[in-house]
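Student: need a 3D model of the sequence below.
(chains A, B, C, D, E and F)
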Protein chains: 6
Amino acid sequence: MIFITRRERFNAAHRLFRADFTDEQNLEVFGKCSNPNWHGHNYELFVTIKGEIDPETGFLLNLKQLSMIIKDLIIEKIDHKNINLEVDFMAGKFASTEVLAVNIWNQLLHGIRALGAELHAVKLYESENNYIEYFGK
Amino acid sequence: MIFITRRERFNAAHRLFRADFTDEQNLEVFGKCSNPNWHGHNYELFVTIKGEIDPETGFLLNLKQLSMIIKDLIIEKIDHKNINLEVDFMAGKFASTEVLAVNIWNQLLHGIRALGAELHAVKLYESENNYIEYFGK
Amino acid sequence: MIFITRRERFNAAHRLFRADFTDEQNLEVFGKCSNPNWHGHNYELFVTIKGEIDPETGFLLNLKQLSMIIKDLIIEKIDHKNINLEVDFMAGKFASTEVLAVNIWNQLLHGIRALGAELHAVKLYESENNYIEYFGK
Amino acid sequence: MIFITRRERFNAAHRLFRADFTDEQNLEVFGKCSNPNWHGHNYELFVTIKGEIDPETGFLLNLKQLSMIIKDLIIEKIDHKNINLEVDFMAGKFASTEVLAVNIWNQLLHGIRALGAELHAVKLYESENNYIEYFGK
Amino acid sequence: MIFITRRERFNAAHRLFRADFTDEQNLEVFGKCSNPNWHGHNYELFVTIKGEIDPETGFLLNLKQLSMIIKDLIIEKIDHKNINLEVDFMAGKFASTEVLAVNIWNQLLHGIRALGAELHAVKLYESENNYIEYFGK
Amino acid sequence: MIFITRRERFNAAHRLFRADFTDEQNLEVFGKCSNPNWHGHNYELFVTIKGEIDPETGFLLNLKQLSMIIKDLIIEKIDHKNINLEVDFMAGKFASTEVLAVNIWNQLLHGIRALGAELHAVKLYESENNYIEYFGK
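Tutor: Okay, here's the model as predicted:
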């Protein structure tokens, strides 16, 4: 069993808030991340998959395939977008890094399995000081 | 003459566009950065000042003072904000990194002089692959 | 189950030695790290906690709370200090990165539990080439 | 149980290909990595070992010993070399990062055990965007 | 006058040597970099251009144009290639980082001028510990 | 004219203070950096030299020579040392990063000239957020 990790990056706007809260309540719970005019980040996404080395190629998976599936299923939908308003797989959900990491996992799971590998981890940096990891359970 | 550089960071939303353009025209000129729903970045700001070492302290300037003036004049106004809508020193201007760097320079110039040092450079990263430098002329 | 990691930094002096050794013996076992006049490091501390996402907020834990508890229990006590002489939770112990990581774990365990999350890992960099991880067992 | 990781670096040339393929077939399967004239990388190798802290020293293992065994068994054999042509422990094998990570593991396993610790992980970066991890099973 | 820097990356094989030297002489002068079987690097290239901000767009230059010209004139020719054997603008030259930086400058100069900006600097990292800068004179 | 930069690293303890101040006065002027029990840093030193490319080798200077002269004149004297107490070229001087950078310049100037190159800049990081540059005048 070998593990391969691919990094992809995206820039997006978001806001942390509850629609049933006033701006004051949102500010109290979510701090400056609740700004109604949005703010944004350079997100770094690390996707780790696992499987056996193919004896015909020496690869677990062609990295180009892994990069392409992440780009198709995630980056194309979220890069230079507003996470709260424009990303289909985040519709109606909190735009926190925690919830985003779980939904990136769900978004990737079957596509990676179809390539013959297993998704192992999604690691998502919102800043150099904070990151979320999700392992699917 | 010695040079000291302080890094500060901020996260903000922005959009590149002209109000006199249609969305299609903006898309053509500014690409995905023109998204009307905004996107955002983790900006890294490096402020370089120059001057003589104070023989009483061995400092050019107390770093805490330098950090505080950058925070007061820049970070407090822009962090977790929308650059197009909420930042006073960017009102009515393009929210490009180039224009932002020049306006950060103008914003800092007199405050740093009042501390007894000279502003030398503003370096602003929008992503790990791109940065702008401005030297005031 | 989701994992969130927060990075905090501190600068400290330390020395690796045994009081029952001569300086020569200490030099032989601990090398230049045994210098009786101390040396120091910029330490980077990564604290990972785990738990469920709160359906009311989309958070595992408010990052500010996590940052504050690390600052209160660790950073305030060790930043710009001498680890051998001044850090209460290291009194009478080797000032190695291994022992420091274990004691940071012990120092954080109950406070993080009181916030409703579980401490998962302490990762401590002494330099860009070396780090220690401790998982509590 | 404590985990310590040491980073070492090496620069090497390699080529991904099968001798039983034509250049065209190799290009199709391995892309530009199949260039018959070679290309190369700055590899970053992270070796993680685990064990108990020695109560006599506060160490899991003297870092110099760990660094030296990695240099003797890996770096000396691969740094500034051609992985396909000159590295004994890669003879007759695919020069992919996956296969290289597994063989670095096999190369280190007994030497680290002889030092009284257990090899836990080999993590190998080929670029800032890709890395392989192997845990020995 | 504003300065914008774009980072691009490439991986390549090379060898430092003189054809009129024996392998022993090459080893003496160029060290392990003279290995006749090649070695390689992940190069990081920073291209800095300067000019005035266009009042119609807020840009010095569209970053996509800058990235594209670097890719066309440099990256396409050198990425995953052997610098000594396959790169037209390095034919018959030493494959040192110094010489490579100068030739990247010469390769880019007119194309960037044609875009309405001025090339200011080429900065080329061969490893995290070494880089070359060239300013055209 | 080409510029080459070499990075070297050292870990050291220091204290910012004036002997003619009380501990309270030192705390007021130098903050927590005045701790009488010392603190320390992982310093990163970037030394830039300039000169012409040697047409016989393609080098400005053999990097090994540059690394060795920095190690001999600086690193050997300061690594794992107490800057205030043990570093000959800092005796009787403030242990600030500003003063240290100037003295590293003075320490290197003649040795680099003897190698046939010219010292251009000393850049010294005390932390990821602060660095000093000195150009010799």
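Student: residue contacts, the residue of chain A found nearest chain F?
Tutor: Nearest residue of chain A to chain F, counting by C-beta to the nearest C-beta: residue A:128, 8.9 Å away. Where you see a C-beta, it was placed from the backbone N, CA and C, and this is true even at glycine. The contact partners of residue A:128, by C-beta atoms under 8 Å, 6 or more residues apart in numbering or on different chains, come to B:9, B:42, C:7.
Student: show me what the last one bridges to in the sheet.
Tutor: Read it as residue C:7. Residue C:7 forms beta bridges with residue C:46, as assigned by DSSP bridges.
Student: Provide the secondary structure category for the closest residue to chain B within chain A.
Tutor: Chain A approaches chain B most closely through residue A:40 (0.9 Å), counting by C-beta to the nearest C-beta. Following DSSP: H, G, I helix; E, B strand; the rest coil, the label given to residue A:40 is strand.
Student: pretty sure it contacts residue A:15?
Tutor: No: in this structure, residue A:40 is not within contact of residue A:15 by C-beta atoms under 8 Å, at 9.6 Å.
Student: higher neighbour count, these two?
Tutor: Using other C-beta atoms under 10 Å in any protein chain shown, the more surrounded residue of residue A:40 and residue A:15 is residue A:40, with 27 against 22.
Student: find the residue closest to that one in space, skipping its chain neighbours.
Tutor: In this structure, residue A:40 finds its nearest non-sequential neighbour in residue B:40, 0.9 Å apart by C-beta to C-beta, 6 or more residues apart in numbering or on different chains.
Student: for that neighbour, give its distance to residue B:85.
Tutor: 13 Å (C-beta to C-beta, to the nearest Å).
Student: number of nearby residues for residue A:56?
Tutor: By other C-beta under 10 Å, neighbour count at residue A:56 equals 9.
Student: am I right that it sits in a strand?
Tutor: No: counting by three-state DSSP, residue A:56 falls outside a strand, being coil.
Student: isn't residue A:100 up against residue A:77?
Tutor: No: if you go by C-beta under 8 Å, residue A:100 and residue A:77 don't touch, sitting 11.7 Å apart.
Student: more neighbours, those two?
Tutor: residue A:100 (28 against 17).
Student: residue contacts, that one?
Tutor: A:83, A:90, A:124, A:132.
Student: most surrounded residue in these?
Tutor: residue A:83 (28 neighbours).
Student: pull the longest helix seen in chain A out as CSV, backbone CA atoms only.
Tutor: For chain A, the helix with the greatest residue count under DSSP state H is helix A:97-114. Taking Å, rounded to 0.1, in the frame of the first residue of the first chain, the C-alpha atoms of helix A:97-114 are listed here in CSV:
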residue,chain,number,x,y,z
THR,A,97,-13.1,25.1,6.1
GLU,A,98,-14.4,22.0,8.1
VAL,A,99,-17.6,21.7,6.0
LEU,A,100,-15.7,22.5,2.8
ALA,A,101,-13.2,19.7,3.5
VAL,A,102,-16.0,17.1,4.1
ASN,A,103,-17.7,18.2,0.9
ILE,A,104,-14.5,18.0,-1.2
TRP,A,105,-14.1,14.5,0.1
ASN,A,106,-17.7,13.6,-0.9
GLN,A,107,-17.2,15.2,-4.3
LEU,A,108,-14.0,13.2,-5.0
LEU,A,109,-14.7,9.8,-3.5
HIS,A,110,-16.4,8.0,-6.4
GLY,A,111,-14.3,9.6,-9.2
ILE,A,112,-11.1,8.4,-7.5
ARG,A,113,-12.4,5.0,-6.9
ALA,A,114,-13.3,4.8,-10.6
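Student: buried sites along the helix or strand that that helix is followed by?
Tutor: Going down the chain from helix A:97-114, the next helix or strand is strand A:118-127, by DSSP states H and E. Neighbour-count burial for strand A:118-127 flags A:119-127 (criterion: 16 or more other C-beta atoms under 10 Å in any protein chain shown).
Student: out of those residues, which are close to chain B?
Tutor: residue A:127 (C-beta under 8 Å from any C-beta of the partner chain).
Student: list just the nearest of the buried residues of strand A:118-127 to residue E:104.
Tutor: residue A:125 (31.3 Å; C-beta to C-beta).
Student: what does the helix or strand containing residue A:65 rub up against?
Tutor: Residue A:65 belongs to helix A:63-70 when assigned by DSSP H and E. Residues outside helix A:63-70 that contact it (C-beta under 8 Å, 6+ apart) are A:4, A:6, A:8, A:45, A:47, A:49, A:108, A:111-112, A:115, A:117, D:31, D:130.
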